[in-house]
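Asker: Show me the folded form of this:
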Amino acid sequence: MLKPLLSPLSLLVLFFFLHCTTTFAQSPAQSPAPSAPTNITSIFEKAGQFTTLIRLLKSTQVGDQLNTQLKNSNQGLTIFAPTDNAFANLKSGTLNSLSDQQKVQLIQFHILPSFLSMSQFQTVSNPVRTQAGDSQSPLNVTTSGNQVNITTGVVNAAVANTIYTDTKLAVYQVDQVLLPLDLFGTPAPAPSKPRKKASDASSSSDDGDNSADSSPAICLNHGGLNVIFFTVSVTAALLLCL
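Answerer: Have a look, this model is predicted:
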């Protein structure tokens, strides 16, 4: 009687070996690494020509706040980014004249607390709410075809192109710094008091002279002087005769 070529134990070992070999050969592909969190300043550094904006984002710490907001919020953000040339066109000393709080307000005025694509600008309601909060500075967006225009009451700017966009963040280049009205608006001059005309002043002076003439003072004309002199002369002659 022939013995079996493989014992049950050998068959079990062979089956286990073949199963492990197949499992290792068909190991699943590695899952993609999670994407790095969005960094606002890195976007501008990669785009170039935004040195002044990057410096303001860092000095005011608004950049860090935006990165945190993008990480923890689902509403997204829209940023209007002025170029270095746009900042250079400001009046000399404009940025240096602002306090730290005013610089924060200026940067926040360029940020909308929600994601807006280019097509969504056509249906947006004005004035658009900004990160600056309930300030007295309206920001209005209008469209003409594919052109998006922005007005602040101080400047009129245009969106030049799209720098970056994903599902939560949209960054658009603008050709001017968006100046808030309550920081850079020129107040209307106070109405001046009406000045008297020269003729009125002269008339007033003449009236004063007339009132002086009408005061109860004794005024003597030449005729009166003659009468008094004649009376004195006659009286003196009569006294000599006596």
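Asker: Is the nearest residue to Phe184 once chain neighbours are set aside in a helix, a strand, or coil?
Answerer: The spatial neighbour of Phe184 that comes closest, neighbours along the chain excluded (Cβ to Cβ, 6 or more residues apart in numbering), is Val154 at 5.0 Å. Placement of C-beta: from N, CA and C, glycine included. Secondary structure assignment for Val154 (DSSP: H, G, I helix; E, B strand; the rest coil): coil.
Asker: I figured Val154 hits Asp182, correct?
Answerer: No: the pair Val154 and Asp182 does not pass the contact test of Cβ atoms under 8 Å, sitting 9.7 Å apart.
Asker: And for the residue nearest to Phe184, the neighbour number?
Answerer: 17 (other Cβ atoms under 10 Å).
Asker: what sits against it?
Answerer: With contact taken as Cβ atoms under 8 Å, 6 or more residues apart in numbering, Val154 is in contact with 179-181, 184-185.
Asker: Select only the buried ones of those residues in PyMOL?
Answerer: A single PyMOL command selects the buried members of the contacts of Val154 (16 or more other Cβ atoms under 10 Å):
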select buried, resi 179+180+181+184
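Asker: Next step: the contacts of Val154 restricted to strands.
Answerer: Using DSSP state E, no member of the contacts of Val154 falls in strands.
Asker: Quick check: next helix or strand after the helix or strand encompassing Asp64?
Answerer: Using DSSP states H and E, Asp64 falls within helix 62-72. Heading C-terminal from helix 62-72, the first helix or strand you meet, by DSSP H and E, is strand 77-82.
Asker: CA atoms only for that next one - export them in CSV, please.
Answerer: Provided in CSV are the C-alpha atoms of strand 77-82 (Å, rounded to 0.1, in the frame of the first residue of the first chain):
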residue,chain,number,x,y,z
LEU,A,77,-12.5,83.1,3.1
THR,A,78,-12.2,85.5,0.2
ILE,A,79,-9.1,87.8,0.2
PHE,A,80,-8.5,90.9,-2.0
ALA,A,81,-4.7,91.2,-2.3
PRO,A,82,-3.1,94.5,-3.3
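Asker: Just list what the following helix or strand past it packs against, helices and strands only.
Answerer: Downstream of strand 77-82, the next assigned helix or strand under DSSP H and E is helix 84-88. The helices and strands touching helix 84-88, judged by 3 or more Cβ pairs under 8 Å, 6 or more residues apart in numbering; DSSP states H and E, are helix 51-59.
Asker: Report the rounded mean pLDDT for the helix it packs on.
Answerer: For helix 51-59, the mean per-residue pLDDT is 97.
Asker: just stretch 160-167 next, same as before
Answerer: 94.
Asker: Quick one: residues in contact with it.
Answerer: Counting by Cβ under 8 Å, 6+ apart, 38, 43-44, 47, 76, 81, 115, 117-118, 170-175 sit against stretch 160-167.
Asker: Stretch 110-130 now?
Answerer: Counting by Cβ under 8 Å, 6+ apart, 62, 66, 75-82, 108-109, 131, 138-143, 146, 148, 159, 162, 165, 167-170, 174, 178 sit against stretch 110-130.
Asker: In it, which residues are buried?
Answerer: 110-112, 115-116, 121, 124, 128, 130.
Asker: which of the contacts of stretch 110-130 count as buried?
Answerer: Judged by 16+ other Cβ under 10 Å, buried ones among these: 62, 66, 76-82, 108-109, 131, 139, 141, 148, 159, 168-170, 174, 178.
Asker: No more questions from me, cheers.
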